[in-house]
Structure formats: structure tokens, C-alpha cells
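A.B. asks: have a look at this prediction, sequence included:
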Amino acid sequence: QLQLVESGGGLVQPGGSLRLSCAASGFSVANYAMAWFRQAPGKEREGVSCISSSGGFTKYADSVTGRFTISRTNAKNTVYLQMNSLKPEDTAVYYCARSSWGLCLRSGDYWGQGTQVTVSS
């Protein structure tokens, strides 16, 4: 059974850091582009970052460029999102998704349940 499970969310002060993890089962992340999305209350879902199947290419939303880093460990079948210099506007539920490179900041075909990130003092 294909499954994506996110973890690592929580409450952090502005300027702080968090690392989100997305553990996949039922398929190999090495064969797919993988993406992170987020959705804040009252807002549309936003593509945050994605990484190619090879891991050699990445994309970021303008709002997180320079602060977030996506990575993957194929041996652990896991994708990560390192988030630094967090701002209150980064507060959202963050979702991991299996995607394709051409659509990786726009959609995915399988999704995790999400993990809440709250940036507040």
C-alpha cells in the first residue's frame, strides 16, 4: 500500500528552524520527483519545493528561496525539507506529495496527511 507520512512539524519562534521528513512506503522515491506543498487557513495550497528523481535538480517557490532546502535519502526512502529563518507567514499545514518534474510545484498524485508548522512568538 502506497503511503507518505510527514513528521517534524511543531511550534517555533520567528527566525527558528525545523526539518520536516516524509517517509514513503509502497514505492521508491528514487523513481519519482517529490514535492512539498503547504496550505494556510483561508488560503490556497501552495507548492513550496520539489526535487527530481535523481536528486540533481530542485525548485523552490520565491517565498522560500534561500531559506528552505529540499533533500532526499533514497536508501531511507525519505524526503526532507529543512526550513530556516522561519517567518510567521510560513505557518501552514505542510504536505509531502509524489509528483512529476513537469508538475512538481503544481500537483501530485499521492499525498501525505500533513504536518502542522506554526511560527509564532
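C.D. replies: Nice, I can see it.
A.B. asks: in the helix or strand that contains residue 48, which residues are buried?
C.D. replies: Following DSSP states H and E, one finds residue 48 within strand 46-51. Within strand 46-51, the residues scored as buried using 16 or more other C-beta atoms under 10 Å are 47-51. To be clear about C-beta, it is placed using only N, CA and C from the backbone, and glycine gets the same treatment.
A.B. asks: show residues contacting that strand.
C.D. replies: By C-beta atoms under 8 Å, 6 or more residues apart in numbering, the surrounding residues in contact with strand 46-51 are 33-39, 57-61, 63-64, 68, 70-72, 79, 81, 92, 94, 99, 101, 104-106.
A.B. asks: now for the buried residues of strand 46-51, which pair is the farthest apart?
C.D. replies: Using C-beta to C-beta, the buried residues of strand 46-51 span at most 12.3 Å, a distance reached by 47 and 51.
A.B. asks: now do the same for residue 102: its pLDDT.
C.D. replies: pLDDT recorded at residue 102 is 89.
A.B. asks: typo on my end, residue 56
C.D. replies: At residue 56, the predicted lDDT confidence score is 89.
A.B. asks: that one in helix, strand or coil?
C.D. replies: Of the three states, residue 56 takes coil under DSSP: H, G, I helix; E, B strand; the rest coil.
A.B. asks: run a quick neighbour tally on it.
C.D. replies: By other C-beta atoms under 10 Å, 7 other residues sit near residue 56.
A.B. asks: and it, how far is that from residue 72?
C.D. replies: To residue 72, residue 56 is 11 Å away according to C-beta to C-beta, to the nearest Å.
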